[in-house]
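Chemist: The following block contains a protein sequence and its predicted model.
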Amino acid sequence: MTHPLARLAFAGVLAVLGFLLPRLLGGSSLVYDTLVAIAIFSAMSYGLDVILSDLGEISLVHTAFFATGAYAAAILTVTYGFSAWTALAGAVLAALALALVLGVITLRTREFAFSLVTYAAAVVCMNVASNWDFLGGSDGIVGIPPLDLSIGGIELTAGRSAEFWPFAYLLLLLTLYVVHRFRRSRLGQAALMVHMNPRLATMCGLDGNRIRLQVFLLSAVISAAAGWLYAFQRAYVGTDLFDTYFLVLMLTGVILAGRRILLGPLLGTALLLSQKSFASLGAYGDKLVLGVVLVGVLCLCPKGLASLWPRRRAAAVTDAPANTNPANTNKARFPSPVWERGQG
Amino acid sequence: MLARRSVLAGLIATPLVPRPTWARDPIAADPIKVGVIIPLSGGAGRQGQDVSHAVQSMATLINEAGGVLGRPVEILVKDDESTPAIGVAKANELAAAGVAVVLEGWNSPVTLAMQSVLARAGILDITMISKADAILASASNPLAIRLNSANAQDAAIIAKYLGSLSKKARIVFVTENDAYGNGAQQGIEAEFKKAGLDYTIAQTLKFPFAQTDFRVEITSIRDARPDYVISINANEGAGLPAFLQQYAQANVGAPVICTVGTVSPSVIETAGKAANGLHSADIYFPQTEPFASDPENKRFVAQMQKQFKAEPDKFMALGAASLQIWAKAVATAGSLDRKAVAGAIRGQEIPGTIFGTVRFDASGQMQHRHFVFTVKDGKIVVES
């Protein structure tokens, strides 16, 4: 399937099937709840995925961006009575502002130091939220109204999970599109070069820190948009949004399927949340399963479960003549799965 | 499982004269599903399991007495893992399962997260234990109901007790840094001022709910040289016993006052000798008057012994009373409708419960009488 129109049609069919998935799975409330959670938390995870896969860094501050989106939604709708659209704009702006500050501070560090600094930043954010009355302090903010994105005479509202599904699904599709376009963009290619071969990037005239900051800002907006929708779905925001629960969900979602795979975080998050919803072994059992799966994946297939996929194309890429394009060099290191064929 | 057996036994034994097929109402045999969301794992896991046992015991008693609206009660228990996001997922699961009511709440943030979801799903939500003031103040759940005493009620009793000991003192707060802990401390400080007590807050040491190593905080307490230490710690499975043990080892000397309802028998059992000498207050003691001679309480205590070989504590009593009060309200309302049942509880007086005749104020808060106690030789000694 190499023709662009054929790929577009295939993606369109997949998108329609995805939208109908809750009904195909029986349409129960549990199915809708689970799929809405998968869509929102996957979108959240894509923010981290961009940093992990394209910059090669492990950010531990992305819960703060997720929380920023949620808090902005809560404050703007509950405290000031603004609409959900304004809240979305506010969530994006607040996340950009926070990412700019954190980016300037953290992006000069690398690897272990970067992770440590981002973790410290997340702890600071959590403590600020816990102790600042404007953010609801330790009580958080209750009473977020149902989502209302109505435009003119078109009513677009959601209170229950089944009503949330179209919005959560659209957010997921938008996120997938943005990440897909980013990886094909000059910024995406530059980020990869800065990550894989910083010296070459410098020789090519790329400003590594500037590119890293731009990617950081993009990733913050993605996670914040997910937080914005989550606030309306849950109707309450509190300091638990900074908890390791969300961080572990993001990290595992990204790592499980494999890095730099467009559908990776979606599949990883879907696996985790589906197990908890439909095949739960209780809290301790679920954690045990998660631990065993993580250890198994990291030890047996460190490039993620997707690396078990048939490697015909990967072998073809590896066998190809030496390519001086650094982006292509990287593709040899991170074989693309079938659903990204034809990219780059 | 025992509850189901009892129900089945009842169903088999009752119809001595079988009714004709056309006269049988199939709906009457359908159980009414009641959801319970509480931590069953982690720091509060043990207490949460106890509470779920107590609810199941009460369900057995209710079913033996004919059920609710002639239908048996079936209890569905979910573990919120003390995590708001998981609490929300479990609330959605119970809504999907078609429960008539959800009895929930150990951690205030989890309750706050769940109550909006349940209200949107049109399910009555009764908070058993969580104490944050915001739970009853939330616009997203105008039909909120809570059984455990409120922070304000608890604060008044702590201030009154301390005031009876000394009018001037240095106080250190060791406070859980969340909706419950901060609200409790604010309430106690406000009561100090209201009572005109000349207390100096020498230090406030805040810690996260899951913390179990308090050695740094205890060093700070020693340096502050307080007359009294007020502990606000709802992590009764691990955090509070750990604090008490480490505090006793450090031999600081200042008496520890634990906020109302945080010292369950399991805390004393886990902390061992380190619990001796601590002061607190609570709202329920199964073997102390006026509860000891109350027939409803005696029935509940006996059922707990029979079904789970356990003596109930305050949390278990609150769990069981939640179900009992809901069942009585449904009988009064004559329906399972959320508004009708809430209306039969909020602002009403309900007789014949484990707590005797109980009264709810208009905001849905159950009123309590508090009993101050001291731990002596590993036993709770009620003072007043």
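Modeler: On my side now, so go ahead. Numbering: from 1, shown residues only, chains lettered A, B, ... in the order given.
Chemist: host element of the residue positioned nearest the centre of chain A?
Modeler: Residue closest to the mean C-alpha point of chain A, counted by Cα atoms, centre = their mean, is A:Tyr46 at 1.9 Å. According to DSSP states H and E, A:Tyr46 maps onto helix A:29-49.
Chemist: which residue is nearest the middle of chain B?
Modeler: Among the residues of chain B, the one closest to the centroid is B:Ile129, at 2.9 Å (Cα atoms, centre = their mean).
Chemist: From what I see, it and B:Ala317 are in contact.
Modeler: No - between B:Ile129 and B:Ala317 there is no contact under Cβ atoms under 8 Å: 10.6 Å. For every residue, glycine as well, the C-beta is placed using N, CA and C.
Chemist: what does the stretch 151-300 of chain A have sitting close to chain B?
Modeler: Within the stretch 151-300 of chain A, the positions near chain B by Cβ under 8 Å from any Cβ of the partner chain are A:159-161, A:234-236, A:238-240, A:243, A:245-246, A:276-277, A:282-284.
Chemist: out of these, which are inside strands?
Modeler: A:Tyr236 (DSSP state E).
Chemist: Just the buried ones from the residues of the stretch 151-300 of chain A next to chain B, in PyMOL syntax?
Modeler: The following PyMOL line selects those of those that are buried, judged by 16 or more other Cβ atoms under 10 Å in any protein chain shown:
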select buried, chain A and resi 159+160+161+234+235+236+238+239+240+243+245+246+276+277+283
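Chemist: and after the helix or strand hosting B:Val375, which helix or strand comes next?
Modeler: Here B:Val375 is covered by strand B:371-376, with elements defined by DSSP H and E. For strand B:371-376, the following helix or strand on the C-terminal side (DSSP H and E) is strand B:379-382.
Chemist: pLDDT weak spots in the chain?
Modeler: Let's take chain A. Residue ranges of chain A with pLDDT under 70: A:1-2, A:310-344.
Chemist: oops, I was thinking of chain B
Modeler: Along chain B, the parts satisfying pLDDT under 70 run over B:1-29, B:384.
Chemist: hang on, isn't A:Ile255 packed against A:Leu271?
Modeler: No - assessed by Cβ under 8 Å, A:Ile255 is found out of contact with A:Leu271, at 11.5 Å.
Chemist: and these two? which has more neighbours close in?
Modeler: Using other Cβ atoms under 10 Å in any protein chain shown, the more surrounded residue of A:Ile255 and A:Leu271 is A:Ile255, with 23 against 18.
Chemist: Grab the nearest non-local neighbour of the more buried one.
Modeler: A:Gly304 (6.5 Å; Cβ to Cβ, 6 or more residues apart in numbering or on different chains).
Chemist: Can you verify my assumption that the one you found contacts A:Gly296?
Modeler: No - with contact defined as Cβ under 8 Å, A:Gly304 does not reach A:Gly296; the gap is 11.5 Å.
Chemist: Can you pick out the residue with more neighbours from the two?
Modeler: Counting neighbours by other Cβ under 10 Å for A:Gly304 and for A:Gly296 shows that A:Gly304 has the greater number, 23 against 11.
Chemist: check contacts around the more buried one.
Modeler: Shown in contact with A:Gly304 (Cβ atoms under 8 Å, 6 or more residues apart in numbering or on different chains): A:255-259, A:261, A:264, A:297.
Chemist: Now, these that are in helices?
Modeler: A:255-257, A:264, A:297 (DSSP state H).
Chemist: ok, of those, which one's closest to chain B?
Modeler: Comparing these against chain B with Cβ to the nearest Cβ picks out A:Leu256 as the nearest, at 18.7 Å.
Chemist: list the contacts for the closest one?
Modeler: Applying Cβ under 8 Å, 6+ apart, we find A:Leu256 in contact with A:264, A:267-268, A:271-272, A:293-294, A:297, A:304-305.
Chemist: Turn these into JSON lines, columns for distance to B:Ser108.
Modeler: Converted to JSON lines, the contacts of A:Leu256 look like this (distance: Cβ to Cβ, whole Å):
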{"residue": "A:Gly264", "distance to B:Ser108": "36"}
{"residue": "A:Leu267", "distance to B:Ser108": "35"}
{"residue": "A:Gly268", "distance to B:Ser108": "32"}
{"residue": "A:Leu271", "distance to B:Ser108": "32"}
{"residue": "A:Leu272", "distance to B:Ser108": "27"}
{"residue": "A:Val293", "distance to B:Ser108": "32"}
{"residue": "A:Leu294", "distance to B:Ser108": "31"}
{"residue": "A:Val297", "distance to B:Ser108": "36"}
{"residue": "A:Gly304", "distance to B:Ser108": "38"}
{"residue": "A:Leu305", "distance to B:Ser108": "39"}
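Chemist: returning to what we had before: which elements pack onto the strand holding B:Val375?
Modeler: strand B:279-282, strand B:379-382 (3 or more Cβ pairs under 8 Å, 6 or more residues apart in numbering or on different chains; DSSP states H and E).
Chemist: would a markdown table of the ones you listed with distance to chain A be doable?
Modeler: Listed next are the helices and strands packed on strand B:371-376 as a markdown table, based on distance: least, Cβ to the nearest Cβ, whole Å:
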| stretch | distance to chain A |
| --- | --- |
| strand B:279-282 | 22 |
| strand B:379-382 | 30 |
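Chemist: now, of those strands, which is deepest in the fold?
Modeler: Burial of these is given as mean neighbour count (mean count of other Cβ atoms under 10 Å in any protein chain shown); strand B:279-282 ranks first at a mean of 24.
Chemist: helices and strands around that strand, which ones?
Modeler: helix B:151-165, strand B:256-258, strand B:371-376.
Chemist: Among these, show me which one is buried the most.
Modeler: strand B:256-258 (a mean of 24).
Chemist: which other helices and strands contact it?
Modeler: Packed next to strand B:256-258, using 3+ Cβ pairs under 8 Å, 6+ apart, are helix B:151-165, strand B:228-232, helix B:239-250, strand B:279-282.
Chemist: Quick one: classify the nearest residue to A:Val215 once chain neighbours are set aside as helix, strand or coil.
Modeler: Nearest non-adjacent residue to A:Val215, counting by Cβ to Cβ, 6+ apart: A:Ala191, 4.9 Å away. Secondary structure, DSSP: H, G, I helix; E, B strand; the rest coil: A:Ala191 is helix.
Chemist: Surely A:Ala191 is in contact with A:Gly56?
Modeler: No - using Cβ under 8 Å, A:Ala191 makes no contact with A:Gly56, being 9.2 Å away.
Chemist: who's more crowded, these two?
Modeler: Applying other Cβ under 10 Å to A:Ala191 and A:Gly56 shows that A:Ala191 carries more neighbours, namely 29 against 17.
Chemist: Next up, the contacts around the more buried one.
Modeler: Contacts for A:Ala191 were tallied using Cβ under 8 Å, 6+ apart; they are A:54-55, A:211-212, A:214-215.
Chemist: Tell me the most packed of those, by neighbour count.
Modeler: A:Asp54 (28 neighbours).
Chemist: Check what contacts the helix or strand containing B:Phe300 and list those residues.
Modeler: For B:Phe300, the enclosing helix or strand under DSSP H and E is helix B:295-308. With contact meaning Cβ under 8 Å, 6+ apart, helix B:295-308 is reached by B:2, B:53-54, B:56-58, B:60-61, B:286, B:291-292, B:310-312, B:316-317, B:320, B:324, B:352-356.
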